[in-house]
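Novice: Here is the input, now give the coordinates:
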Amino acid sequence: MTEETWDVVIVGAGLSGLSAAQTLRKRNGKLRILILEGKDRVGGRTVTQELLAAHGIDRWDMGGQWVGSTQTYVMDLIQEFGLEVYTQYTTGKKVHHVGGPRAKVRSSSTSIPALSTLVLLDLSQLVWKIDRLSSTVSVEDPMKTPNAQELDSMTLHSYIEKHAWTEEMKEEMGVCSRVVFGMEPNQMSFLYFLMYAAAAGGVLCLLESTPGSAQEFRVKGGTQQLSERLAQQIGWESVRLGKAVTAIWQDAEQAKVMTATHSYLCRAVIVTCPPHLAAKIHYQPALPIQREHLTQNMPVGHLMKFVITYQMAFWREKGFSGEIVARPSADCPLSITFDGTSPSGSAALVGFISGMQAYDWSSRELSERRDAVILSLVKYLGEEAASYIHYEEKDPLGRHGDGHPVVWLYGWGNSVRSEGSPRSPSQAVPFHPDPGGAGGCAGCPEPEPRVWTMPTHTFHIPSPQGSDPHHAHHGHCCTIGSATALPRLDWTGSAGSATKVCFVVIKYAVVLEKHPLDREMPPLTDI
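Specialist: As a prediction, this is how the structure comes out:
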C-alpha cells in the first residue's frame, strides 16, 4: 500500500471540505493539505447538469440551488470568483392545495396562502407559541435550553396535535416539515425544530418567500462552480477523486488515513462527509460512545428533486409564478415546485417529492414517477404542462443516488442521549465544531494528532448586522457567521406555507503550522 505524508487530510470535497482547505491555506500558505473525495467529482450536494432545453443545452442545479443576500459568506465567495446571480422568479399567482382530499385548490399572489379566517388565526397563535419557545433555545447547544429534556421527548407532531386548533393547520405544518426537512412531523424532535426555527430567526422565516430570504437568487452557470473554483484555487493536485476513506487510525504522534489503495500520514484530519458516511469509516481508537450514537441515530431527510424543461414558460403567460404547494396524495407525488427558468430564458419548472412520499415513490420506475408529476402539473397549471421537452430527477438516497441526502436531524430523544458529543473532546478523538463561529480557534484544545469532524445539526448565522444570533437563515447556499465559517446552499425555497431546506455546513476549528511530523506542534493561538 502506497503511503504519503501531509500536514492535514480533509475527508470530503464538498463545499465544507473545500472551504476548510481554503481557509487553512489563507491562514498558512505553507500547509500541505490533501483532500480525499470518494466520488468522481467535487461539490458534494451541489451538482450541476446539462439538460436538453428550448434553446439547446442548458445547465440546471440538481442539488443545492438558491442563495440569499443575507448569506454574506457565500455571496462573498460568489463575488470572489466573479460569478453572477439572478433573482428567483416569483411574480404571479401561487397555487396552494393543502387540507385533505376535500380541500379546494387555492391561488394567491401573496406569500401567505388564501386561508380561512379561522385557519389564519390558528396559524398566528401557533407561530406565536413556537416563536416564544424557540427564543429560549440555545442554538449553540440546544441541551442548555430550559426544559430541554421535556422538549426533546416530544415530536413536532405531538406538539402540533396538542396546540393546533384546526385540521388544516396540522396539514400545513406537515407540508412544512416535509419540504423543509424531508421528514414527517412524527420523526422529528420538537427541540430540534425549535433550534432550527431559532437559527432561522423564527418560524415565518421558514415559511415565507420574500426578498432577502435564503432562496432569493440563483447562480448563473450553477452552484457546483463554487466547489470547482475552490478546488482550482487550492490546487487540483491537492484533491484526489475516487478515494473513499475506509479507516482513520491515530496514536500520540500522528494520524493515518486509509483508502483501499493508499494510506496518508498527517498531523490532523478534518472529516466533512455526512454523518451516515462518516459512520462507515473505521476509527482506531474507536469514537466515544456518544459520538457513535450520534452518527448512527441521525435520521436523514428524503427529498427527490426534478427539473422539467419546456418550450416556453406557459405558466407565466397564464399569470402563475410556477410555485405550487401540495399535500401529496396517492396520485400526486409532488410537494412543492418553483419556476426554474434559466438566465438564458430556457423555460423550466423545478420541484420536489418529499418525506414519506419520497420513500414510497423512490422504489417505483422513473417513468411512473414522471407521469405522476406531469399529471399533477396538468391539474394545477393546465394542459400545457404535458408538452415538456425533458424530465430529469435526482434522488440522493435512491438506487442511482450519491448517498448525499439534504439534511440530517435528531429524532425525538436523541438530543438527550447524545448530549455534549458534537463538540466535547475526548482523550482519543476531540470534536470542536464551534457552531456559532464567534470563538475562532481560541477555544481549541491542546494541539496533538487528532480527528476533527464537522457535525451537521447545530449552527447559527448572524443577521446582516451580525449582532443577533436568532436572526439567521437556514437554507441548503447560505453561510455561517464568522471569518472561518463555511457556506451552505438552499435545496428548496418556500411558497406560502413551505419552506427552506438546510444544506449543511458547520464550522471547523483546525489550523496547523507546517512542520515535520517528529516535531512538537506550535500552540494554535500562535497561528
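Novice: from here on, contacts and neighbour counts on C-alpha atoms
Specialist: Noted.
Novice: in the stretch 251-400 of the chain, which spans are helices?
Specialist: In the stretch 251-400 of the chain, the helices defined using DSSP state H, counting those that start in this stretch lie at 275-278, 289-296, 314-317, 356-362, 366-381.
Novice: TSV for those, including mean neighbour count?
Specialist: TSV is the format used below for those (neighbours: other C-alpha atoms under 10 Å):
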stretch	mean neighbour count
helix 275-278	20
helix 289-296	18
helix 314-317	16
helix 356-362	20
helix 366-381	17
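Novice: Out of these, which gets nearest to Gly340?
Specialist: When those are compared by C-alpha to C-alpha, helix 314-317 sits nearest Gly340, at 11.5 Å.
Novice: Show me what the closest one is packed up against.
Specialist: Where contact means 3 or more C-alpha pairs under 8 Å, 6 or more residues apart in numbering; DSSP states H and E, helix 314-317 is packed against strand 320-326.
Novice: switch the cut-off to 10 Å
Specialist: strand 320-326, helix 366-381 (3 or more C-alpha pairs under 10 Å, 6 or more residues apart in numbering; DSSP states H and E).
Novice: for the nearest residue to Trp6 once chain neighbours are set aside, which residues make a bridge with it?
Specialist: Spatial nearest neighbour of Trp6, excluding adjacent residues (C-alpha to C-alpha, 6 or more residues apart in numbering): Cys266 at 4.9 Å. Counting by DSSP bridges, Cys266 is bridged to Ala255.
Novice: Looks like Cys266 contacts Ala252 (just checking).
Specialist: No. Under the criterion of C-alpha atoms under 10 Å, Cys266 is not in contact with Ala252, lying 11.9 Å apart.
Novice: between these two, who's got more neighbours?
Specialist: Set Cys266 next to Ala252 and count neighbours by other C-alpha atoms under 10 Å: Cys266 wins out with 25 against 9.
Novice: can I see the domain layout of the protein?
Specialist: Taking automatic domain parsing as the criterion, the chain consists of the domains 2-44+223-299+411-465+506-526, 117-206.
Novice: looking at those, which has the lowest confidence?
Specialist: For those, the weakest mean pLDDT is recorded on domain 2-44+223-299+411-465+506-526, namely a mean of 70.
Novice: And Gln187, how close does it get to Gly301?
Specialist: Going from Gln187 to Gly301 by C-alpha to C-alpha, to the nearest Å gives 10 Å.
Novice: Ok, Gly355 next?
Specialist: Gly355 sits 7 Å away from Gly301, going by C-alpha to C-alpha.
Novice: With Asp40 instead?
Specialist: 24 Å.
Novice: out of those two, which sits in the busier spot?
Specialist: More neighbours surround Gly301 than the other of Asp40 and Gly301, with 26 against 9 (other C-alpha under 10 Å).
Novice: Once you drop chain neighbours, what's closest to that one?
Specialist: Nearest non-adjacent residue to Gly301, counting by C-alpha to C-alpha, 6+ apart: Gly182, 4.2 Å away.
Novice: burial of the one you found, as a residue count?
Specialist: Neighbour count for Gly182, taken as other C-alpha under 10 Å: 28.
Novice: so it touches Leu397, yeah?
Specialist: No. Judged on C-alpha under 10 Å, Gly182 makes no contact with Leu397 at a distance of 11.7 Å.
Novice: anything in contact with each of Gly355 and Gly301?
Specialist: Ser177, Arg178, Val179, Val180, Phe181, Gly182, Met183, Glu184, Gln187 (C-alpha atoms under 10 Å, 6 or more residues apart in numbering).
Novice: now, among these, which is nearest to Gly92?
Specialist: Using C-alpha to C-alpha, Val179 comes nearest to Gly92 of the shared contacts of Gly355 and Gly301, at 21.4 Å.
Novice: element containing that closest one, please.
Specialist: Assigned by DSSP states H and E, Val179 falls within helix 167-181.
Novice: The next helix-or-strand element following that helix packs against which elements?
Specialist: With elements assigned by DSSP H and E, the helix or strand that comes after helix 167-181 is helix 190-200. Under the contact definition 3+ C-alpha pairs under 10 Å, 6+ apart, helix 190-200 sits against helix 117-134, helix 148-152, helix 156-163, helix 203-207, helix 414-417.
Novice: Show me the one of the ones you listed that comes nearest Gly14.
Specialist: Closest to Gly14 of the helices and strands packed on helix 190-200 is helix 203-207 (C-alpha to C-alpha; 24.7 Å).
Novice: what residues does whichever helix or strand comes after that closest one touch?
Specialist: Remark: after helix 203-207, the chain's next helix or strand is strand 217-219, criterion DSSP H and E. The contact list for strand 217-219 (C-alpha under 10 Å, 6+ apart) reads 60-61, 64-69, 78, 83-89, 211, 225-226, 340, 342-343, 477, 490.
Novice: Just the buried ones among these, please.
Specialist: Listed as buried from these are 60-61, 64-69, 78, 83, 85, 88-89, 225-226, 340, 342-343, 477, 490; burial here means 16 or more other C-alpha atoms under 10 Å.
Novice: Tell me which entries of the residues you listed lie within helices.
Specialist: Judged by DSSP state H, those include Ile78, Gln225, Leu226 as members of helices.
Novice: Make TSV out of these and add distance to Ser363.
Specialist: Formatted as TSV, those follow (distance: C-alpha to C-alpha, whole Å):
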residue	distance to Ser363
Ile78	37
Gln225	31
Leu226	32
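Novice: hang on, the earlier thing: could you say which of the helices and strands packed on helix 190-200 is packed most deeply?
Specialist: Highest mean neighbour count among the helices and strands packed on helix 190-200 (mean count of other C-alpha atoms under 10 Å): helix 203-207, with a mean of 22.
Novice: check contacts around Glu237.
Specialist: Glu237 neighbours (C-alpha under 10 Å, 6+ apart): Ile33, Leu34, Ile35, Ala231.
Novice: Are we agreed that it is in a strand?
Specialist: No. Read with DSSP: H, G, I helix; E, B strand; the rest coil, Glu237 is helix and lies in no strand.
Novice: All good on my end, thank you.
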